[in-house]
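S.K.: Provided below for reference: sequence and predicted model.
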Amino acid sequence: MYMDIQMSYIVAPCLGGLIGYITNDIAIRMLFHPHKAKYIMGWHVPFTPGIIPKEKGRIAEAIGGVISENLMNKEVLEKYLLSEDMIGKLRDAVMDFIDTQKRNRETVREFLRHYLSEEEIAAISNSINESITKQTYSKLSDSSVGDKVAHIAIDHLANKFSIDGAQELLSGISGAIGGIKGMAAGLFGGSIVAKFLGLLREPAEHFLAKHINDMLKNNGAEIVSNMIDGEVDSFLTTPVCKLLKGHDEQLNQAVNTTESIYRTVISEHLPRILESIDISKIVRERINEMDVKETEKLIFQVMDKELKAIVWLGALLGLIMGSLNTLFQVLQ
């Protein structure tokens, strides 16, 4: 009899603990199970599907709203992205990149191949060529270009040759422009050479300017394009380290410029970026796309210890309630 009473003092608390453990474990499992509604002869079984499968859409909507409005809103992201720590990381990353490229022996073309296809590099080269050629040819097609070049060329020739060689020079030029030779034939007396050069200068400049303008009109675009092609090709075959050598001041300025652009983008365009991204929609759609099994696995990975603690807390509460119940019986 005494032993039976003693056992009842032990069994009741243990039974309470066991019940608490089992009920909490079942409650947690009912969050996810069953995954679909169950029916018995057309009658819907209560509490099916589980709470999370049943309310998945509403939960996704709520989580998406909380994240976009409270955790990843404009103020929070801007404060983080413009923090001194983040700016320091940005500057360090840019400086590390520049230091690496200072030792980079790859050509510019080889460097670009890490980020662009050969077709894209060719397209960019052609675009640069066409743009510069168009602008340059537009300026060269101005008729004053030929006049200026001719004037400079004649000045250069006049200064290059001495008075003693003037007759030979004039003979060559007069043979090319025709008609002047006859006029120049009797002018070569030492004192009148200067006057003759003055008479010859204007038709020579006119003749040279006309030919330059005609050449630019007919072949200018092709000439400029070939020159630009050569410069672009030379640039693409230059080693990156050689291209950057001796430009430390400009490279340091590039770090400051990058920081300035980054600050401007974050300060002025972050709201628009967030609107276009729509974090709430992304979170909502991602949760809805996840299978219930995948969601369950994810939650247990994150909160396994906490959920187990809840189960054991149920056992502890059951044990306490069983002990209290036994105590009340004893007091009675």
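M.R.: Looks like it arrived, so ask away.
S.K.: do you have the helices of the stretch 51-200 of the chain handy? List them.
M.R.: Taking DSSP state H, counting those that start in this stretch as the criterion, the stretch 51-200 of the chain contains helices spanning 51-54, 56-66, 74-81, 84-102, 108-112, 118-140, 143-160, 166-177, 180-184, 193-236.
S.K.: and the second one, which residues are buried?
M.R.: The neighbour-count check on helix 56-66 (16 or more other C-beta atoms under 10 Å) flags Lys56, Ile59, Ala60, Glu61, Ile63, Gly64 as buried. C-betas here are computed from N, CA, C, even on glycine.
S.K.: that older thread, which of the helices of the stretch 51-200 of the chain has the lowest mean pLDDT?
M.R.: Mean pLDDT is lowest for helix 180-184 among the helices of the stretch 51-200 of the chain, at a mean of 45.
S.K.: how many neighbours does Gly318 have?
M.R.: Residues near Gly318, counting by other C-beta atoms under 10 Å, number 22.
S.K.: and it, how far from Gly50?
M.R.: According to C-beta to C-beta, to the nearest Å, Gly318 stands 23 Å off from Gly50.
S.K.: check Ser125 too.
M.R.: 61 Å.
S.K.: also Phe207?
M.R.: 97 Å.
S.K.: ok, now His269?
M.R.: Distance from His269 to Gly50, by C-beta to C-beta: 43 Å.
S.K.: and those two? Which one has more around it.
M.R.: Gly50 (19 against 11).
S.K.: contacting residues around the more buried one?
M.R.: Listed by C-beta atoms under 8 Å, 6 or more residues apart in numbering, the contact set of Gly50 reads Arg29, Met30, Leu31, Phe32, His33, Pro34, His35, Val292.
S.K.: I'd say the third one and Pro53 touch.
M.R.: Yep, that's Leu31 we're talking about. No - assessed by C-beta atoms under 8 Å, Leu31 is found out of contact with Pro53, at 9.0 Å.
S.K.: the more surrounded of these two?
M.R.: Set Leu31 next to Pro53 and count neighbours by other C-beta under 10 Å: Pro53 wins out with 20 against 13.
S.K.: list the contacts for that one?
M.R.: Counting by C-beta under 8 Å, 6+ apart, Pro53 has contacts Phe32, Pro34, His35, Lys36, Val292.
S.K.: what's the closest of those to Asp248?
M.R.: Val292 (59.0 Å; C-beta to C-beta).
S.K.: am I right that the closest one is in contact with Ile51?
M.R.: No - the criterion here is C-beta under 8 Å, and Val292 misses it with Ile51 at 11.1 Å.
S.K.: more crowded one of the two?
M.R.: Val292 (17 against 14).
S.K.: OK, contacts around the more buried one?
M.R.: Val292 sits in contact with Phe32, His35, Gly50, Ile52, Pro53, Lys56, where contact means C-beta under 8 Å, 6+ apart.
S.K.: and if we set it to 7 Å?
M.R.: Phe32, His35, Ile52, Pro53 (C-beta atoms under 7 Å, 6 or more residues apart in numbering).
S.K.: how near is the last one to Phe47?
M.R.: Here Pro53 is placed at a distance of 11 Å from Phe47 (C-beta to C-beta).
S.K.: if we can go back for a sec, quick one, which of the contacts of Gly50 are buried?
M.R.: Phe32, His33, Val292.
S.K.: give the residue spans of the stretch 201-332 of the chain that score low on pLDDT.
M.R.: Across the stretch 201-332 of the chain, the ranges flagged by pLDDT under 70 are 201, 204-205, 212-221, 332.
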